[in-house]
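Visitor: Here you go, sequence then predicted model.
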Amino acid sequence: MATPISTSLSINIESFQRLFADCADIKTRRMKLGKQLKTECFIAYVEVAVGNMLLENSVLGKLLNTLWEMPEERILQYLRENSFGISDVTEYDTMEDAATGMLTGDAIFLIDGYDKALKIKDKGYPNMGVKETQSEKVIRGSNEGFAESIKVNTALIRKRLRTPKVKVKETFAGRRSYTNVDLVYMEDLIYPDLLRRIEKRLGEFEIDGVGDSGIIEQLTEGSWLSPFPQFQTTQRPDRAAMAILEGRIVLLTDNSPVALILPAGYNSFIQTSDDYYSRWEIASFTRMLRYIASFLAMTLPGLYLAVTNFHTQILPTDLLLSFAAARQGVPFPAVVEILLMELAFELLREAGVRLPGAMGNTIGIVGGLIIGQAAVDANIVSPIVVIVVALTALCSFAVPNEEFATAFRILKFGFIFLCAWLGFFGFLLSLLAVLVHLSHLESFGIPYLMPFVGPDLNQYDDQRDTLFRMPLGWLKRRPIYTREGARVRLKFKDKKEKKDVF
Amino acid sequence: MFSNNQKISIRQIRRLLILDLFGLSSLLLPGLLAESAGPDGIVCIVFATVLAMVYIWVLGKVLNRMEGDYYSCLKKLLGSFVSDLLMIFYLFFFLLLSSFVVYQLTSLVRAWLLPGGSYGWICALVLVLAGAATVRGIEGRARIYEILFWFLIIPLLFMMVLASKGVNTNYWTPIFYTSWEGLRQGSIRVFVFFLPVFFILFLKPYCVSPGKLCKSARWAVAITAALNALIFLVLLGNFQVKTTISLERPVITLMSMVKLPGGFFARLDAFMTAIWFFSLFALMNTGVFYSGHILKELFREKRTHYGLLAVLILVYGLSRWFFQYHNADLVYSWYLKYIALPVLVFLPVLLWAALALKQAIRKERKQV
């Protein structure tokens, strides 16, 4: 049961101390305010989160300084009317709410005779601040990345979309962590049903703690068994802002630099920010490369097995002979070779990720060059297999979204097994299985294969931004995610005038 | 918001129908046509296309007067008993069709992709996949073929262009030389392969704009006929009549002979088999879908998928029958010729007449 804030400071202090018994990191301080120092007050805060309460330039310091200068009889009235002009003040009626407010990283201020607790904003929890993105690098465009504080992240989006139509809906997740989760969207572009859906899903679970947006992602996605992610993830505020402009919702989680974007589809995972910053020719070329890469990342080792084990007639004799010569002396069947190399590569990758930057690079060189060369020299694997595995790895790195690329990495093993067992029939069967799965998969009601399927629903306009990224002037409509009737995103004001400029 | 309502677009229906019509016809028709009409097979394709267009026109008349889905229309018109009997006929047709297609698909795989592979395993794996594709309804199926369409058609056209280099146009002659009997037999054979257009009767409740169903069927028949004519001419031009007849699947043999420029691939038959693998899978999947749908209607099954499971087991069993008994092909062609073809052609005509009569009576009553 909630404990109401009393007008008696000692009762309030007692209930506060009961709530935070054995919490060494919670700092409390009793003070006397007013000109004659007769009014008692109590301040509590999380250590480090509030540090400069006596300084003039902090909100709390300013408040205390004012109250010290004020006659005692006017203090309560000032507090009631919030006459200090402090914007970052929130009032609480119960001690539990006040405690939760304090745990967001602010200070709690209680004063004798006043039956409310005031939460006063200060510098908050320490975080890493805005930094450059480690993944999703672009050649052209901003490299600013999301920070770990949700407030900083919403501000980074707001900085790019300066309109009051951008709404930020705040909810909390985690019964014990009480983590902030913000839904950021453009009010007039989203389907209200989409917002309802995600809010409903957020309310469908209760978990003790939310460490990262990944937990929210897994608990709210529709198809848990699918290897394909149903949320797009990004660490880039410009990507998030662009998604909002497409009528999608960005879900931010406190303490996580990774934002979730919904709905998502195959095409959105292949797109990158600089697709739109670069000219259309190069954007289309790289886009097509990425599509081919996503296909090969999943199929290349399987295809190699199917061709070399079952359908050698496909290859010209010279090439076949060179394959055979390369395999001479290798004691294992091709499938074992491929599996050995794939597992070795996955190990290297895992080791590289966990090690610090410089060491990670060393592991790459040691693993990729030295061990690879030694394995070929020792006749454990053939050089062709090393090429196939390396090419597959390159393809998986070319997929711009890590989670999406992971799906292909996992499915690759399915292809390997089926192709080793059934040859090209196994390849067709696995391809069809993936296609059947993808055609049934949806992300918040939008088919995953949109706009390759049902492009007629948006007058075939979405197709202009798929395999090819058509010239920007042709991309006049927003994609299917946007509410109907609000899909125009580009208009030329006066075509004649545009032509006459030069 | 995108609605998940088990409705598909006209474009999706057109593509589904094209793949349904194309797979089996392009695989088996060239040999059969060459056998019955020789070079005049091309005339048979034209005749059959005209016949199919007339058939679609009749189907359109029925569709225009049909209220609700096909089963409920039959029920209203003919009563529960007769409509159930007709539905059992359709169920039998779809089951046999899927089984025959699975048999063809498995034989294709065993001939070109996995020589000596176990028939049971191949068939079971394909059917499991068909079950997975069917279980979530028509939208998922439509999406599969919407995606696959260009991936199948573009390589096929490309290969046909490459294969046309070896065409000797003298092999296309003599034309108008076959007897009327040969032309009639050839035309009926082609028309039988176009019969699946009657699927549009079942598609009405699944279509976003049912008024355009006939148009999409006409397009599907026209495109399939054009593709079949192209394949037939290329095959004839490469192989002559006798070799085309003697080859079991001449189009695949042709694919094994086409050389890609550049010389990286020596033969492409394994890759090109994918076209027929996917299109046969489409037709088989359609059969499985409608069989499951009819079973659901007959047994009023709502949430479970026991009907689908039963269909998959039956299709597996029947396809093994095709595999084990060589006369099964003949029995099936006898069934198509003497039972399926007459019923599937004349039933819509009778229905059209009955619906028109009913409408006229209703109109007269209103006037009275």
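Guide: Structure's in. What do you need?
Visitor: How about the residues of the stretch 151-300 of chain B by chain A?
Guide: By CB under 8 Å from any CB of the partner chain, the residues of the stretch 151-300 of chain B that approach chain A are B:263-271, B:273-274, B:277-278, B:281. Just so you know, the C-beta spots here come from the backbone N, C-alpha and C atoms, and that holds for glycine as well.
Visitor: Which of those residues has the largest number of neighbours?
Guide: Ranked by neighbour count (other CB atoms under 10 Å in any protein chain shown), these have residue B:281 at the top, with 26 neighbours.
Visitor: I figured that one hits residue B:104, correct?
Guide: No - contact criterion CB atoms under 8 Å: residue B:281 and residue B:104 do not qualify, at 10.7 Å.
Visitor: Please render the residues of the stretch 151-300 of chain B next to chain A as CSV that adds pLDDT and secondary structure to the earlier fields.
Guide: CSV is the format used below for these (pLDDT from 0 to 100; DSSP: H, G, I helix; E, B strand; the rest coil):
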residue, pLDDT, secondary structure
B:263, 71, coil
B:264, 75, coil
B:265, 77, coil
B:266, 73, coil
B:267, 77, coil
B:268, 79, coil
B:269, 80, helix
B:270, 81, helix
B:271, 82, helix
B:273, 88, helix
B:274, 89, helix
B:277, 92, helix
B:278, 91, helix
B:281, 93, helix
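Visitor: Give me the phi and psi for residue A:492.
Guide: phi -90, psi 130 (degrees, to the nearest 10).
Visitor: got it, and residue A:109?
Guide: phi -120, psi 120.
Visitor: out of everything not next to it in sequence, what's closest to it?
Guide: residue A:118 (4.4 Å; CB to CB, 6 or more residues apart in numbering or on different chains).
Visitor: check contacts around the one you found.
Guide: A:79, A:89-92, A:108-110 (CB atoms under 8 Å, 6 or more residues apart in numbering or on different chains).
Visitor: With residue B:103 instead?
Guide: With CB under 8 Å, 6+ apart, residue B:103 has these contacts: B:123, B:319, B:322-323.
Visitor: For it, which non-adjacent residue is closest in space?
Guide: Closest to residue B:103 by CB to CB, 6+ apart is residue B:322, at 3.8 Å.
Visitor: Remind me which helix or strand that neighbour belongs to.
Guide: For residue B:322, the host element (DSSP states H and E) is helix B:306-324.
Visitor: since we're on residue 355, how many residues are nearby?
Guide: I'll assume chain A. For residue A:355, using other CB under 10 Å, the count is 14.
Visitor: oops, I was thinking of chain B
Guide: Residue B:355 - counted by other CB under 10 Å - has 19 other residues nearby.
Visitor: For it, grab phi and psi.
Guide: Torsion angles, degrees, to the nearest 10, at residue B:355: phi -70, psi -40.
Visitor: and it, how far is that from residue B:98?
Guide: Shown here: residue B:355 relative to residue B:98, a distance of 29 Å by CB to CB, to the nearest Å.
Visitor: try residue A:344
Guide: 45 Å.
Visitor: Between these two, point out the one with more neighbours.
Guide: Neighbours were counted for residue A:344 and for residue B:98 using other CB under 10 Å; residue B:98 has more, 28 against 19.
Visitor: what kind of secondary structure is the more buried one in?
Guide: helix (DSSP: H, G, I helix; E, B strand; the rest coil).
Visitor: looking at it, residue A:469 is touching residue A:280, isn't it?
Guide: Yes - between residue A:469 and residue A:280 there is a contact at 5.5 Å, judged by CB under 8 Å.
Visitor: Compare those two and say which is more crowded by neighbours.
Guide: residue A:469 (24 against 19).
Visitor: Now do the same contact list for that one.
Guide: If you count contacts by CB under 8 Å, 6+ apart, then residue A:469 has A:275-276, A:280, A:283-284, A:287, A:475 around it.
Visitor: Could you tell me how many residues sit around residue B:10?
Guide: 18.
Visitor: Need the pLDDT of it.
Guide: At residue B:10, the predicted lDDT confidence score is 90.
Visitor: just the one 3 residues further on next, same as before
Guide: What the model reports for residue B:13 is a pLDDT of 92.
Visitor: I'd like to know how far it sits from chain A.
Guide: 12 Å (CB to the nearest CB, to the nearest Å).
Visitor: Which strand or helix spans that residue?
Guide: Per DSSP H and E: helix B:10-37 holds residue B:13.
Visitor: Okay, buried residues for that helix please.
Guide: B:10-37 (16 or more other CB atoms under 10 Å in any protein chain shown).
Visitor: Stretch A:275-289 too?
Guide: Buried-residue list, stretch A:275-289, by 16+ other CB under 10 Å: A:275-276, A:278, A:280, A:283-284, A:286-287.
Visitor: could you give the mean pLDDT of that stretch?
Guide: On average, stretch A:275-289 scores 92.
Visitor: cool, stretch A:6-24 as well?
Guide: On average, stretch A:6-24 scores 88.
Visitor: which other residues reach that stretch?
Guide: For stretch A:6-24, using CB under 8 Å, 6+ apart, the contacting residues are A:3, A:5, A:26, A:28, A:30, A:40-42, A:44, A:95-96, A:98-99, A:108, A:110-115, A:117.
Visitor: Which parts of it count as buried, going by neighbours?
Guide: A:6, A:9, A:12-13, A:15-16, A:20.
Visitor: Using PDB, list the CA coordinates for the helix holding residue B:322.
Guide: Extracted in PDB, the C-alpha atoms of helix B:306-324 (Å, rounded to 0.1, in the frame of the first residue of the first chain):
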ATOM      1  CA  TYR B 306      -7.000 -32.200 -39.800                       C
ATOM      2  CA  GLY B 307      -8.500 -31.900 -43.200                       C
ATOM      3  CA  LEU B 308      -5.300 -30.700 -44.600                       C
ATOM      4  CA  LEU B 309      -3.400 -33.500 -42.900                       C
ATOM      5  CA  ALA B 310      -5.800 -36.000 -44.400                       C
ATOM      6  CA  VAL B 311      -5.300 -34.500 -47.900                       C
ATOM      7  CA  LEU B 312      -1.500 -34.700 -47.600                       C
ATOM      8  CA  ILE B 313      -1.700 -38.300 -46.600                       C
ATOM      9  CA  LEU B 314      -4.100 -39.100 -49.400                       C
ATOM     10  CA  VAL B 315      -2.000 -37.300 -52.000                       C
ATOM     11  CA  TYR B 316       1.100 -39.100 -50.800                       C
ATOM     12  CA  GLY B 317      -0.700 -42.500 -51.200                       C
ATOM     13  CA  LEU B 318      -2.200 -41.700 -54.600                       C
ATOM     14  CA  SER B 319       1.200 -40.400 -55.900                       C
ATOM     15  CA  ARG B 320       2.700 -43.700 -54.800                       C
ATOM     16  CA  TRP B 321       0.000 -45.400 -56.800                       C
ATOM     17  CA  PHE B 322       1.000 -43.400 -59.900                       C
ATOM     18  CA  PHE B 323       4.600 -44.300 -59.200                       C
ATOM     19  CA  GLN B 324       4.100 -48.000 -58.700                       C
END
